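Participant: Output the structure for:
(2 chains)
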Amino acid sequence: MLEDLELVLFALTTTVYLIAWGWHLRGWKLGSAAQTRVAIRILWVGWVLHLLLLGLRWYRAGHVPMLSAYEFVTFFALLVIGIFLLFALKERNRMLGVFLLPVGLGLMLYAAFMPMVIEPELPIFNSLLLKFHILTTLLGYAAWTITFAASVSYLYLERKNQASPGLFDVMAYRAAFFALCFLTLGIITGAIWGDRVFGQLWFWDPKETWSFITWLIFLAYLHARYTLDWRGRRAAILAILGFIALVFTYVGVDFLLPQIHGTGSGTMMGQP
Amino acid sequence: MASLKVAIPLLVLLTAVTTIGSLFPEPDMFKSWWYLGLLGLLGLSLLFITILHIPSILKRKGRNALIGVITTHLGILVLIAGVIYGGFSGFRHKIKLIEGEITVVPGLPFVIQLDELLIEEYRQEDFPRINLGALPKKKQESRITLLKNGKAWLSTVAAPGSPAIVDGITLLPAVSETGWYFELIAIDPQKREITIPVRPWAPPLIKLGNRNIMSHSIVTRETQEAEIFTIEDDKMISLGFVSREKPLVVDGYSLSLGPVMRYTGMQVYNRPQEPLLVLGSILMFSGLVWHFYFRHRERKQGRGRNTGNA
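Facilitator: Below you'll find the predicted structure:
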């Protein structure tokens, strides 16, 4: 019964997100702030459904829903959409949704292909530190997704010679800073958790190595802006590169490189 | 070295090399002299930039935000120093503890006795999605007593995720390295009894009459049993199972199962560089937050002043 309800909530959330994106595109095409406002309201409805979905999952599983691959991806989508909704409180930021909602939708579709079965939480995963590691890392990824969407928006507006692409350039930078802070915290807490469980802070496991590479790219982006005065197009391209690294860390590594890390698209059973 | 014209290409080079290293893995690449050298060069560059820029930053307008940058860079330097120091200090032993036995680890002020290893496993039905070779553990607690001068000094419990830390020495049981230590009892044709200890991580080759035999693990079906193999042409051929009740006769020898005890792998280590790693992490993160807060505030104040002037 509850399992069916979860399935229904998942389908509803994804459908509402899809409608919100469609409405967003419509508002953007017509240049209508009123239509975009409706899209944001629809998106809020979808997000509340998403919260209910994860709340139900939490209740059913008896543990925070971020451990299995399905939970991890769904939780990430919740953060991406949630952070966008915060940005969208300011009307001028709303265009970002055109490029950001497909990422959220893509994550939901990706989760749809994963097994939704609930498995017990192993004692080594029953740790606040691990939850904090996952949460901060995902917040870092979600913030960089904003950087990515803002950079794509910038490049698009620049190509179309439309007004104020600079707004998206600044937005990309601000989100990048949050992304770096959260990813730094995520890497540190992950290392401490790994140490407490496996006795080693760093394994150079592909997931860790790619987190490090992604962190270096985030770092390079901020340094390029600060010290080389990279703005606009060049910074946007670097931000997109950072997003590609992020996607590879998050998804590609699981499929292409053998590893011990347990989350993402992999299995929660992974351990050295 | 103190210029960003050196630091940024080094950062790009490090990113490129790390990427290539992860896509085309070479054993121990990340421990190679040239990779560590690259990290060291970046660290040196960071050190010079940080030191040489401090005086000018302190005089500059908007210095609060820049103090955050310096703090973050100092944090990274302290972290790199911690990693390097860790490479030359501390110790790490990987040992096996058998229930009821005392293990001596060289250099430690105590010896370790594993009193009991409590293990509770999940059932296969709990994980319908995956077919597991080994069932994950629901509970895994090593109850240990540390002895000094032959006397019990401290009793503690260690588990993966919550190691026992005694006098700066960490005792961390391995997640998956557990099993059964056992003894085989062989009675020769003259009725003499021979005890053969079997440590599964290094199973012995046993000569019984004209046969070489070996056994490496305990199988629990209705009772505990050990499978006995003989080795012919470098191949292991099963001769059957022995238990306490059912002996197996091999070349005139009667073989049965003796005492069976659990064992666990354990890491025993200390990490003198830990304070540096903690300090470096705190500096790095607090510097980032500090920088962002003041940069935002200073920009806001700057905008306020500009608006006022206008």
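Participant: what residues are up against residue B:110?
Facilitator: B:146, B:147, B:148, B:153, B:154, B:166 (C-beta atoms under 8 Å, 6 or more residues apart in numbering or on different chains). Bear in mind the C-beta positions are built from the backbone N, C-alpha and C, glycine included.
Participant: Give me the most central residue, chain B.
Facilitator: Geometric centre of chain B, nearest residue: residue B:267, 6.7 Å, by C-alpha atoms, centre = their mean.
Participant: sec struct for that residue, please.
Facilitator: strand (DSSP: H, G, I helix; E, B strand; the rest coil).
Participant: how about it, what does it touch?
Facilitator: Residues counted as contacts of residue B:267 (C-beta under 8 Å, 6+ apart) are A:199, B:92, B:93, B:94, B:95, B:170, B:171, B:172, B:174.
Participant: before we move on, back to that, how about the contacts of residue B:110 in CSV, adding secondary structure, neighbour count and distance to residue B:228?
Facilitator: Below are the contacts of residue B:110 laid out as CSV (DSSP: H, G, I helix; E, B strand; the rest coil; neighbours: other C-beta atoms under 10 Å in any protein chain shown; distance: C-beta to C-beta, whole Å):
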residue, secondary structure, neighbour count, distance to residue B:228
B:146, strand, 20, 37
B:147, strand, 15, 36
B:148, strand, 11, 41
B:153, strand, 14, 41
B:154, strand, 13, 41
B:166, strand, 19, 41
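Participant: which bits of chain A sit near chain B?
Facilitator: Within reach of chain B by C-beta under 8 Å from any C-beta of the partner chain, chain A has these residues: A:115, A:117, A:119-120, A:122-124, A:126-127, A:177, A:180-181, A:184-185, A:188, A:196-199, A:201, A:204, A:206, A:209-210, A:212-213, A:216-217, A:219-220, A:223-224, A:227-228, A:257, A:267, A:269, A:271-272.
Participant: rerun at 7 Å
Facilitator: A:115, A:117, A:119-120, A:122-124, A:127, A:177, A:180-181, A:184-185, A:188, A:196-199, A:204, A:206, A:209-210, A:212-213, A:216-217, A:219-220, A:223, A:227, A:257, A:267, A:269, A:271 (C-beta under 7 Å from any C-beta of the partner chain).
Participant: ok, how many other residues are close to residue A:213?
Facilitator: Using other C-beta atoms under 10 Å in any protein chain shown, residue A:213 has 22 neighbouring residues.
Participant: from what I can see it touches residue B:17, true?
Facilitator: No. Using C-beta atoms under 7 Å, residue A:213 is not in contact with residue B:17; the gap is 10.0 Å.
Participant: which residues pair with residue B:264 across the strands?
Facilitator: Legend: beta-bridge partners of residue B:264 under DSSP bridges are residue B:97, residue B:178.
Participant: Find me the pLDDT at the residue nearest in space to the middle of chain A, would you?
Facilitator: For chain A, the residue sitting closest to the mean C-alpha position, by C-alpha atoms, centre = their mean, is residue A:142 at 3.3 Å. Residue A:142 carries a pLDDT value of 94.
Participant: for stretch A:61-68, which positions count as buried?
Facilitator: A:61, A:63, A:64, A:65, A:66, A:67, A:68 (16 or more other C-beta atoms under 10 Å in any protein chain shown).
Participant: Residue B:231 falls within a helix, correct?
Facilitator: No. Read with three-state DSSP, residue B:231 is strand and lies in no helix.
Participant: Distance of it relative to residue B:207?
Facilitator: 11 Å (C-beta to C-beta, to the nearest Å).
Participant: higher neighbour count, those two?
Facilitator: A direct count of neighbours by other C-beta under 10 Å for residue B:231 and residue B:207 places residue B:231 higher, at 13 against 10.
Participant: Check which helix or strand the closest residue to that one other than its chain neighbours maps to.
Facilitator: Closest residue to residue B:231 apart from its sequence neighbours, by C-beta to C-beta, 6 or more residues apart in numbering or on different chains: residue B:212 at 5.1 Å. Remark: residue B:212 resides in strand B:211-214, with elements defined by DSSP states H and E.
Participant: So which elements touch that strand?
Facilitator: Counting contacts by 3 or more C-beta pairs under 7 Å, 6 or more residues apart in numbering or on different chains; DSSP states H and E, strand B:211-214 is packed against strand B:224-232.
Participant: Name the residues of the strand it packs on that are buried.
Facilitator: The neighbour-count check on strand B:224-232 (16+ other C-beta under 10 Å) flags B:224, B:225, B:226, B:227, B:228, B:229, B:230 as buried.
Participant: Quick check: buried residues in stretch A:219-226?
Facilitator: A:219, A:220, A:221, A:222, A:224, A:225.
Participant: can you name the two of those that are farthest apart?
Facilitator: A:219 and A:225 (11.0 Å; C-beta to C-beta).
Participant: Sheet-wise, list the partners of the strand or helix carrying residue B:145 with their directions.
Facilitator: Element membership for residue B:145 (DSSP H and E) is strand B:137-148. Here strand B:137-148 is paired, per DSSP bridges, with strand B:111-121 (antiparallel), strand B:151-158 (antiparallel).
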